[in-house]
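Trainee: I need the structure of the sequence given here:
(chains A, B, C and D)
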Number of protein chains: 4
Amino acid sequence: MKLTSQAKGTFAIAPTPFHDDGRLDDGSIDRLSDFYRDAGCNGITVLGIMGEAPKLDGEEALGVATRFIKSAKDMQIIVGVSAPGFAAMRSLARGAMDAGAAGVMIAPVPSLRTDDQITTYFRQAIEAIGDDIPWVLQDYPLTLSVVMTPAVIRRIVVDSPSCVMLKHEDWPGLEKISALRGFQKDGSLRPLSILTGNGGLFLDFEMERGADGAMTGYAFPDMLVDVVRLSKSGQRDAAHDLFDAHLPLVRYEQQQGVGLAVRKYVLKRRGAIASDAQRKPGSSLSAIARAEVDYLLTRLARTDKRANLSIQLRAV
Amino acid sequence: MKLTSQAKGTFAIAPTPFHDDGRLDDGSIDRLSDFYRDAGCNGITVLGIMGEAPKLDGEEALGVATRFIKSAKDMQIIVGVSAPGFAAMRSLARGAMDAGAAGVMIAPVPSLRTDDQITTYFRQAIEAIGDDIPWVLQDYPLTLSVVMTPAVIRRIVVDSPSCVMLKHEDWPGLEKISALRGFQKDGSLRPLSILTGNGGLFLDFEMERGADGAMTGYAFPDMLVDVVRLSKSGQRDAAHDLFDAHLPLVRYEQQQGVGLAVRKYVLKRRGAIASDAQRKPGSSLSAIARAEVDYLLTRLARTDKRANLSIQLRAV
Amino acid sequence: MKLTSQAKGTFAIAPTPFHDDGRLDDGSIDRLSDFYRDAGCNGITVLGIMGEAPKLDGEEALGVATRFIKSAKDMQIIVGVSAPGFAAMRSLARGAMDAGAAGVMIAPVPSLRTDDQITTYFRQAIEAIGDDIPWVLQDYPLTLSVVMTPAVIRRIVVDSPSCVMLKHEDWPGLEKISALRGFQKDGSLRPLSILTGNGGLFLDFEMERGADGAMTGYAFPDMLVDVVRLSKSGQRDAAHDLFDAHLPLVRYEQQQGVGLAVRKYVLKRRGAIASDAQRKPGSSLSAIARAEVDYLLTRLARTDKRANLSIQLRAV
Amino acid sequence: MKLTSQAKGTFAIAPTPFHDDGRLDDGSIDRLSDFYRDAGCNGITVLGIMGEAPKLDGEEALGVATRFIKSAKDMQIIVGVSAPGFAAMRSLARGAMDAGAAGVMIAPVPSLRTDDQITTYFRQAIEAIGDDIPWVLQDYPLTLSVVMTPAVIRRIVVDSPSCVMLKHEDWPGLEKISALRGFQKDGSLRPLSILTGNGGLFLDFEMERGADGAMTGYAFPDMLVDVVRLSKSGQRDAAHDLFDAHLPLVRYEQQQGVGLAVRKYVLKRRGAIASDAQRKPGSSLSAIARAEVDYLLTRLARTDKRANLSIQLRAV
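Mentor: Here you go, the predicted model:
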């Protein structure tokens, strides 16, 4: 089923699982899919920045996407197709859609500066991949150094009918969500799904500002799913209570560079992947960092029963 | 009393208080000093990045430093003297020391790239201000885009006997603290005070990695003081419990740009400053953002009695 | 006389002359003024990026501007007032105008990214210095990393009636001149003086695209004056012949960082300043680089008689 | 024949020729090879930054490299294999060497900052592609924003026996060549070929500083060949005379972004490629820019007979 602007809930940003020697681990792709489904996710986004996408060659990338699509069953798969050039972007986008992806995600190249450069880039990108593919606009200034105002996002969305979702991870970005929802109220912007990233660090308030859900890779997607649900049903305090219990770990996982090592380590402890190896150049956890994560997990288990269970069962 | 490498505890990063019309508010400087002393701070750092230092002209900057020095009494005052050129840096540094400052703080200019450029810059800076002034090296790559390895920091410290402290706010920076403490164990680095910034977002683990304390401007310096104390006395769980209770607000205040508006708003609610105005170009809080902060304060008051008291008494 | 949008001809970007020990050299300021007047310049721009402005403290900056104003006589003086904050910008701008400056020049701060951030910055800057001061907008993306489209420049100019001139040094920037002149033809932009920088590297074609003259610091301002004159009077081949004769040196002087050392060295050889010292952190010429410049001067003297004369007379 | 540290002369940076509709133009690859051979080039570097390499997908890139290798005959082919990840870099590097390339060229990824990050990156890159492939280190800070000191370049070269050449295009970079040659004199650096880029803008003095030749894509490689030869045989004035005659066009072609459009336009006028089309996002020449290039060609033809001939014969 193709992605639409009605999408909501939680889309997990999946890491790409490798064996310890750097080969792709297809078995762990299947395990990850089961893990996300069990957590209640609505979809999975693969080959994002935290999916080590640039470390795969073209063939490997399509292979990973295809494997996720097969094991995802009823969950929707969004495939990151950001690339330095449009030829590679087109190859992967069309290949992924042929394999059954729900849509693709595109981030701007880091060299873009002016409003016009940004809107032109996305117009050309959609010309390249074709306007029949539903796509997600990724707005991630902290890492990409490209700053899009709400008005620029509106221009991109208005110009491209196939743009159905914003992956929002500006930081700080709460006012941006409010501004975009305001555009919709005043009729200048059509419906658009907004899912939020940034490792979940502001998910509590992002939901209250009008986000439709989460798209991030925090190693407890079950928390994301529940916070989204609680927030949507108006249980504000309960949503914050659950969120706050996880915040120390969310914060720890949100460290640039080493964050992916934390995430893969916890996913491995939870049994979702077999190895926490990254391809080079990658980050890794020192013994003391690992002990810090373990300490945070122990503290978390006191308040979140599900965390407790999963960690106990698979203790290293 | 001059700053030494034995410094520890909590140094508050003070905002610069303005009247609503942008004039400097000397009365609030005195109030802030009392507020930080009551919270148990050991010192105050003025004219830092969050002190809107670049918005003051040379005369105003020295005036602010001098006023803080007078009202600080037994607390040590560190004066940020970072400047695009050495003439202005020297003027302010010597003026501040003459007025009774304990030391100065210097950040690298953003254009520095290579290891040699960085070490040369600090060598020339110390030649300019004189080697008789104790100084703090500010390491803040996220904002300044200058990346210093532990080995580069060691070179700077070894080259400059008057460097007595590192203001650590690399992110992620836990391994950097461990590396520097490791240099000291292997004898390649002399004693150096390490106080940590980043709004306190990693203070819990930074203390465990070997930091001597906090140097940041979170609007509840009382929490910083207590976490530092609890951590030093080995009460790990208690330190984390207190820290975690504040983390939702710490995180909210740590948003780039709007963070200072949050901080000044809370300081105003706590009675520490009369106005939360910033000089242009500045950030401000929308009504909804203000309500979010109020909600976080309400939640905080449930767990931290002191927060409760101070907020109740001065409710807006 | 105040600067207007009718300004044209050559405005020299003056270096700030220092004694060998780094003190300001007032005598050389007077000599420079005479040198630029003899070369046929219409004005002088002081305290620009190549004027080592950030290395002066506030008092020194105003002193340099004032001295230039006194010795300039009938030439107009534009004072660079770019600063990290508006308080310092205002102090210098108002002080310089009181001392008799014709106008001021403002560059954007490097952190600006979006179109709105840029236009807001200049609006606030003009609020700060007052709208009664004629000002020059500096567009220099290579060094400042701020990219302004022609449409953004138009917005700034239309918003601020006191903006009378563009210092154009985008690179490549020829199409930008054509676009702005096109805006004027279609009536969407009022008259605006455009003087071009970039060390003169594209002056030949910039004039043909519609520039009103040069604003740069090449050590042979006499060439700039003549190329501007020849180009305006339609003597295309003659303009290019003269320009091409100087291009090898123009190119050599246009090296980032070391360029100022080249420029000051040639100005010293031509007798315009007493010392080619820069304040730290500065660049300097190796013996081999100095010999390369000497070789270029020798070659230049074969084709440009005036160069010949001035170099012969003051040979080191 | 594999590339060695004895390489010298001129290696042309080849553009990738496309048909007007964006398809690869194999026929023009053959024509380009003939053109460079006739000009006296010793080799060709393909898939560099000015070869629009990121716009090709993996299969296309290998196809282009292979076609050049076939048509190059006795000229050596160096293949640019820079990539965001090592998997793609390895695929292309091994594929190109299997097809008969002489070596590969690697540029650093733009995120690298510290000396250690840079040396680690190249160590990992060589682990990935294998240490049996002769490779060229590309040093291009202006575009890549990675700054390598001479000492860092030495560390990379000393660490990797398969590094045989530096593509030097720091700007300004003359002192860097002298520093590296100085390392060799003092015995701390083994033999290393240094070819220089930057569009040839400093080739005259780069040769005198010790470069072994040129590696750049200026549309008159015949000039590069002759300047290298004249300079090596000690005919200093003759080398500069020829260089200076071309400098106005060299300078015009060296404009960021639009430079490739100029280069392809001149190559088309000279009959070396059938179309000057670029893949999107690309640059193009306005009518007035094209007329400016034509004017420069006319002026050039007056002094350089070979330019005259080739342009006359194939006038558009």
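
Trainee: around chain D, which positions in chain A sit nearby?
Mentor: Proximity of chain A to chain D, by CB under 8 Å from any CB of the partner chain, involves residues A:52, A:54-60, A:83-88, A:90-91, A:110, A:120-121, A:124, A:127-128, A:279-281. Just so you know, the C-beta spots here come from the backbone N, C-alpha and C atoms, and that holds for glycine as well.

Trainee: give me the buried entries from those.
Mentor: Buried members of the residues of chain A next to chain D, scored by 16 or more other CB atoms under 10 Å in any protein chain shown, are A:52, A:54-58, A:60, A:83-88, A:90-91, A:121, A:128, A:279-281.

Trainee: among the residues you listed, which are in helices?
Mentor: Those of those mapping onto helices are A:58, A:60, A:86, A:87, A:88, A:90, A:91, A:121, A:128, per DSSP state H.

Trainee: residue B:132: which of those is nearest?
Mentor: Set against residue B:132, the nearest of these by CB to CB is residue A:121 (53.8 Å).

Trainee: list the contacts for that closest one?
Mentor: By CB atoms under 8 Å, 6 or more residues apart in numbering or on different chains, the residues touching residue A:121 are A:108, A:109, A:112, D:281.

Trainee: I'd like these as JSON lines, with pLDDT, distance to chain C and secondary structure appended.
Mentor: Below are the contacts of residue A:121 laid out as JSON lines (pLDDT from 0 to 100; distance: CB to the nearest CB, whole Å; DSSP: H, G, I helix; E, B strand; the rest coil):
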{"residue": "A:108", "pLDDT": "97", "distance to chain C": "12", "secondary structure": "coil"}
{"residue": "A:109", "pLDDT": "95", "distance to chain C": "14", "secondary structure": "coil"}
{"residue": "A:112", "pLDDT": "95", "distance to chain C": "9", "secondary structure": "coil"}
{"residue": "D:281", "pLDDT": "92", "distance to chain C": "15", "secondary structure": "coil"}
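
Trainee: kindly indicate which of those residues lies nearest residue C:265.
Mentor: The closest of the contacts of residue A:121, once distances to residue C:265 are taken by CB to CB, is residue A:112, at 39.3 Å.

Trainee: interface residues of chain A facing chain C?
Mentor: Applying CB under 8 Å from any CB, we find that chain A lies next to chain C at A:113, A:114, A:115, A:116, A:117, A:147, A:148, A:149, A:151, A:152.

Trainee: surely residue A:136 forms part of a strand?
Mentor: Yes: checked against DSSP: H, G, I helix; E, B strand; the rest coil, residue A:136 lies within a strand.

Trainee: who's in contact with it?
Mentor: By CB under 8 Å, 6+ apart, the residues touching residue A:136 are A:3, A:45, A:78, A:103, A:104, A:105, A:106, A:163, A:164, A:165, A:166, A:167.

Trainee: and the contacts of residue A:121, which of them are buried?
Mentor: Buried among the contacts of residue A:121 (16+ other CB under 10 Å): A:108, A:109, A:112, D:281.

Trainee: residue of the stretch 201-316 of chain A closest to chain B, please.
Mentor: Proximity of the stretch 201-316 of chain A to chain B (CB to the nearest CB) peaks at residue A:255, 3.4 Å away.

Trainee: quick one: that residue and residue A:263 touch, right?
Mentor: No: in this structure, residue A:255 is not within contact of residue A:263 by CB atoms under 8 Å, at 10.3 Å.

Trainee: what's around residue A:132, how many residues?
Mentor: 10 (other CB atoms under 10 Å in any protein chain shown).

Trainee: measure it to chain C for me?
Mentor: 31 Å (CB to the nearest CB, to the nearest Å).

Trainee: again with residue A:94
Mentor: Going from residue A:94 to chain C by CB to the nearest CB gives 32 Å.

Trainee: packing partners of the strand or helix carrying that residue?
Mentor: Residue A:94 belongs to helix A:86-98 when elements are defined using DSSP states H and E. Judged by 3 or more CB pairs under 8 Å, 6 or more residues apart in numbering or on different chains; DSSP states H and E, helix A:86-98 is in contact with helix A:58-72, strand A:76-80, strand A:103-106, helix A:115-129.

Trainee: related to what we said a few turns ago, tally of neighbours for the residue of the stretch 201-316 of chain A closest to chain B?
Mentor: 21.

Trainee: leaving out chain neighbours, which residue sits closest to it?
Mentor: In space, and not counting its chain neighbours, residue A:255 is closest to residue B:172: 3.4 Å by CB to CB, 6 or more residues apart in numbering or on different chains.

Trainee: near chain B, which residues of chain A are found?
Mentor: Counting by CB under 8 Å from any CB, chain A sits next to chain B at A:171-172, A:174-175, A:178, A:201-202, A:204-205, A:208-209, A:240, A:243-244, A:247-248, A:251-252, A:255-259, A:286, A:288-289, A:292, A:299.

Trainee: out of these, which end up buried?
Mentor: The buried subset of the residues of chain A next to chain B - by 16+ other CB under 10 Å - is A:171-172, A:174-175, A:178, A:201-202, A:204-205, A:208-209, A:240, A:243-244, A:247-248, A:251-252, A:255, A:258-259, A:289, A:292, A:299.

Trainee: compute the distance between the residue of chain A positioned farthest from its centre and residue A:139, please.
Mentor: Using CA atoms, centre = their mean, the residue of chain A lying farthest from its centre is residue A:186. It sits 29.1 Å away. Distance of residue A:186 to residue A:139, given as CB to CB, to the nearest Å: 21 Å.

Trainee: poorly predicted segments of the stretch 201-316 of chain A, please.
Mentor: Low-confidence segments of the stretch 201-316 of chain A (pLDDT under 70): A:305-316.

Trainee: go again using 80 as the cut-off
Mentor: A:304-316 (pLDDT under 80).

Trainee: ranges for the strands of it?
Mentor: For the stretch 201-316 of chain A, the strands defined by DSSP state E, counting those that start in this stretch cover A:213-216.

Trainee: which stretches of the stretch 151-300 of chain A form helices?
Mentor: A:174-185, A:203-209, A:221-232, A:236-253, A:259-269, A:287-303 (DSSP state H, counting those that start in this stretch).

Trainee: for residue A:15, which of those is the nearest?
Mentor: Closest to residue A:15 of those is helix A:259-269 (CB to CB; 5.6 Å).

Trainee: so what secondary structure elements neighbour that closest one?
Mentor: If contacts are counted by 3+ CB pairs under 8 Å, 6+ apart, helix A:259-269 sits against helix A:236-253, helix A:287-303.

Trainee: what does the longest one rub up against?
Mentor: With contacts defined as CB under 8 Å, 6+ apart, helix A:236-253 is touched by A:199-201, A:203-204, A:207-208, A:218-220, A:223, A:226-227, A:230-231, A:259, A:262-263, A:266, A:292-293, A:296-297, A:299-300, A:303-304, B:201-202, B:204-205, B:240, B:243-244, B:247-248, B:251, B:299.
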